[in-house]
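**Q** quick one, fold the following:
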Amino acid sequence: MYRYNTKGVCSKSILLDIKDNVLVDVVFEGGCAGNLIALKHLVEGKTIDEIIDNFEDIPCSNRGTSCPDQLANALKIYKRYAKDDKSENF
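**A** Numbers count the residues shown, from 1 in each chain. Got it, this is the predicted structure:
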C-alpha cells in the first residue's frame, strides 16, 4: 500500500494498493465520504493511465484541484518514482 499526502483538498491522504498497473484498492482519509466512496467504486479495477486520463485537472470550487485530481497526481508520482521503489510512503 502506498500513501499520498494530498494538498489543497479536504481529504488528508490517499492510500493506494496497485498491482500490475491496476488500482486494486483506494482509501481516502478524510473528505466528503459519499463522493469519495463513489470515486472509489469508479476507479478500482482501472489501469493507472485510465484513471490519470479521466481525473487529472478536475477542479473543486476555486481550489485549483480536487480529490480526483489529487488521485491522478498520486498515480503520476507512482508511475514516475514508486514503481521501482517498494517503500510504503511516497
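**Q** quick one: contacts of the longest helix anywhere in the chain?
**A** Longest helix of the chain, by residue count under DSSP state H: helix 67-80. The contact list for helix 67-80, computed with CB atoms under 8 Å, 6 or more residues apart in numbering, reads 2, 4, 6-11, 14, 16, 18, 23, 26, 28, 31-32, 35-36, 39, 43, 48, 51-52, 55-60, 65, 90. For every residue, glycine as well, the C-beta is placed using N, CA and C.
**Q** now the residues you listed: which count as buried?
**A** Listed as buried from the contacts of helix 67-80 are 2, 4, 6, 9, 11, 14, 16, 18, 23, 26, 28, 31, 35-36, 39, 43, 48, 51-52, 55-56, 60, 65; burial here means 16 or more other CB atoms under 10 Å.
**Q** which residues in this structure form strands?
**A** Taking DSSP state E to define them, one finds strands in the chain at 2-5, 13-19, 22-29.
**Q** need the outlier residue of the chain, farthest from its centre.
**A** What lies farthest from the middle of the chain is residue 62; by CA atoms, centre = their mean that is 19.8 Å.
**Q** any idea of the pLDDT on it?
**A** Looking at residue 62, its pLDDT is 89.
**Q** ramachandran angles for it?
**A** phi -110, psi 30 (degrees, to the nearest 10).
**Q** before we move on, what about residue 64?
**A** Torsion angles at residue 64 (phi, psi; degrees, to the nearest 10) stand at phi 80, psi 0.
**Q** list the contacts for it?
**A** Counting by CB under 8 Å, 6+ apart, residue 64 touches residue 8.
**Q** and it, how far from residue 39?
**A** Residue 64 sits 18 Å away from residue 39, going by CB to CB, to the nearest Å.
**Q** which non-adjacent residue is nearest residue 44?
**A** residue 23 (5.9 Å; CB to CB, 6 or more residues apart in numbering).
**Q** list the residues that contact the one you found.
**A** By CB under 8 Å, 6+ apart, the residues touching residue 23 are 16, 17, 43, 44, 45, 46, 47, 48, 51, 75.
**Q** on the strand side of things, show who it bridges to.
**A** Beta bridges link residue 23 to residue 18 when assigned by DSSP bridges.
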